[in-house]
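Asks: Show me the folded form of this:
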Amino acid sequence: MAEKDFLQDPVTSRQNPTVKKICSLLDKKARKKEKMFRFDGKKLFFEAVAKSLDIRFVVLNENIDDSLKSQISFLIESGKLDRRVIFAVSEQVFLKMSEENAPEGIITVASFLEDKHRKIEAADSYSIDGKARILIGESLRDPGNLGTVIRSAAALGIDKLILTDDCADLYSPKTVRAAMGGLFSLKIDTVCAEELALLVTRLRRGGRRIYATALRTDAKEIGSIELQSGDAFIIGNEGHGLSEAVIAASDGAVIIPMVEGNESLNAGAAATICIWETVRR
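Replies: Numbers count the residues shown, from 1 in each chain. Below is the predicted model:
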């Protein structure tokens, strides 16, 4: 297929129904209604194709560079990308649609990953493979931090991330951008925030040890614990930490030792250290 074919007759109106629908996906309610999310840039587009996401639209600036044209042509010709999802727009329209300061000429829209991201219906009956490496997050409200947690978990070998439902939206553009493709592969379960303590108790009854990252007088340094297969950590809210109920339900508190005078690490950095401790031992 000639490169010009998928860039012909670009849309020039911001009032175009498809343009308006894709722009609406910046809003959480619209994403939930449509069960679709969007992300900017070449890297995430190629990651989405490689991970076989259900791609609904690929919005292209009519003035994309020749290299990207050739790569997209190859994907179409090799059957990895459906020509029918390509949606070309004028440069003016694209700049209004993009969230990037330096847009790369491509926006992708994909369906929610419902096969990987599921809601836990009953915490007291939750079960998970005892060998699976997990990380738990409570009330991680900052999408950049949540994206960093997802990125680290996917990159370092966590099998499943468990999050409370009051965390930042998984499909927020900021979360997706910070996750850098990790969202496309990582299995994520979401539990009602009020039931997290119950879920922790359930996991412990199944033979796991669950440690809360919390500043307590009896907290142990993370490196001093002899971790076993199945052990896991809980990361708390950026400002308020973990709830008392969740700490009480855990096997105890751990801290990450820091140089005197420093209060804490952000949730993304703390999670990365906990993940590394989980997977390396």
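
Asks: now the strands for the stretch 151-281 of the chain?
Replies: Under the criterion DSSP state E, counting those that start in this stretch, strands of the stretch 151-281 of the chain are mapped to 160-164, 187-191, 210-213, 220-221, 232-235, 253-255.

Asks: hey, which of those is tucked in deepest?
Replies: For the strands of the stretch 151-281 of the chain, average neighbour numbers computed from mean count of other Cβ atoms under 10 Å are highest in strand 232-235, which has a mean of 26. Every C-beta, even on glycine, is put in place using the N, C-alpha and C of the backbone.

Asks: helices and strands around that one, which ones?
Replies: strand 134-137, strand 210-213, helix 267-280 (3 or more Cβ pairs under 8 Å, 6 or more residues apart in numbering; DSSP states H and E).

Asks: Please report phi then psi for the spatially closest residue to K35 that is not a sequence neighbour.
Replies: What sits nearest to K35 in space, not counting adjacent residues and going by Cβ to Cβ, 6 or more residues apart in numbering, is F112, at 4.7 Å. F112 has phi and psi values of phi -50, psi 150 when expressed as degrees, to the nearest 10.

Asks: residue contacts, F112?
Replies: R31, K35, M36, F37, Y171 (Cβ atoms under 8 Å, 6 or more residues apart in numbering).

Asks: if we go to 10 Å?
Replies: R31, K32, E34, K35, M36, F37, L53, D54, L170, Y171 (Cβ atoms under 10 Å, 6 or more residues apart in numbering).

Asks: rewinding a little: could the strands of the stretch 151-281 of the chain go into a markdown table alongside mean pLDDT and distance to D124?
Replies: Conversion of these to a markdown table gives the following (pLDDT from 0 to 100; distance: least, Cβ to Cβ, whole Å):
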| stretch | mean pLDDT | distance to D124 |
| --- | --- | --- |
| strand 160-164 | 98 | 15 |
| strand 187-191 | 98 | 11 |
| strand 210-213 | 96 | 15 |
| strand 220-221 | 92 | 28 |
| strand 232-235 | 96 | 18 |
| strand 253-255 | 92 | 24 |
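
Asks: looking at those, which is closest to A271?
Replies: strand 232-235 (4.7 Å; Cβ to Cβ).

Asks: Paired strands for the closest one, with orientation please.
Replies: Strand 232-235 sits in its sheet next to strand 134-137 (parallel), strand 210-213 (parallel), going by DSSP bridges.

Asks: just checking, which of the helices and strands packed on strand 232-235 sits deepest inside the structure?
Replies: Using mean count of other Cβ under 10 Å, strand 134-137 ranks as the most buried of the helices and strands packed on strand 232-235, with a mean of 26.

Asks: how about the CA coordinates for that strand, as CSV?
Replies: The C-alpha coordinates for strand 134-137 follow below in CSV (Å, rounded to 0.1, in the frame of the first residue of the first chain):
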residue,chain,number,x,y,z
ILE,A,134,2.8,-9.3,43.9
LEU,A,135,2.8,-5.7,45.1
ILE,A,136,-0.1,-3.9,46.8
GLY,A,137,-0.9,-0.2,46.5
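
Asks: Can you give the distance of it from its chain's centre?
Replies: Put simply, strand 134-137 sits 13 Å off its chain's centre (Cα atoms, centre = their mean, to the nearest Å).

Asks: just the helices in the stretch 51-200 of the chain please.
Replies: 66-77, 91-97, 143-156, 173-179, 196-205 (DSSP state H, counting those that start in this stretch).

Asks: before we move on, back to that, need the pLDDT of the residue nearest to K35.
Replies: pLDDT for F112: 98.

Asks: ok, back up a step: relative to E277, which of the helices of the stretch 51-200 of the chain is closest?
Replies: Taking those one by one with Cβ to Cβ, helix 143-156 is closest: 10.2 Å.

Asks: Give me the helices and strands touching the closest one, please.
Replies: strand 134-137, strand 160-164, helix 173-179, strand 187-191, helix 267-280 (3 or more Cβ pairs under 10 Å, 6 or more residues apart in numbering; DSSP states H and E).

Asks: Mean pLDDT lowest where, among those?
Replies: Minimum mean pLDDT among the helices and strands packed on helix 143-156: helix 267-280, a mean of 91.

Asks: relative to helix 143-156, how tilted is that one?
Replies: 20 degrees (axes from the mean of the first three to the mean of the last three Cα atoms, to 10 degrees).

Asks: Count the neighbours of the residue lying closest to D5 once chain neighbours are set aside for me.
Replies: Nearest non-adjacent residue to D5, counting by Cβ to Cβ, 6+ apart: R83, 7.9 Å away. Residues near R83, counting by other Cβ atoms under 10 Å, number 14.
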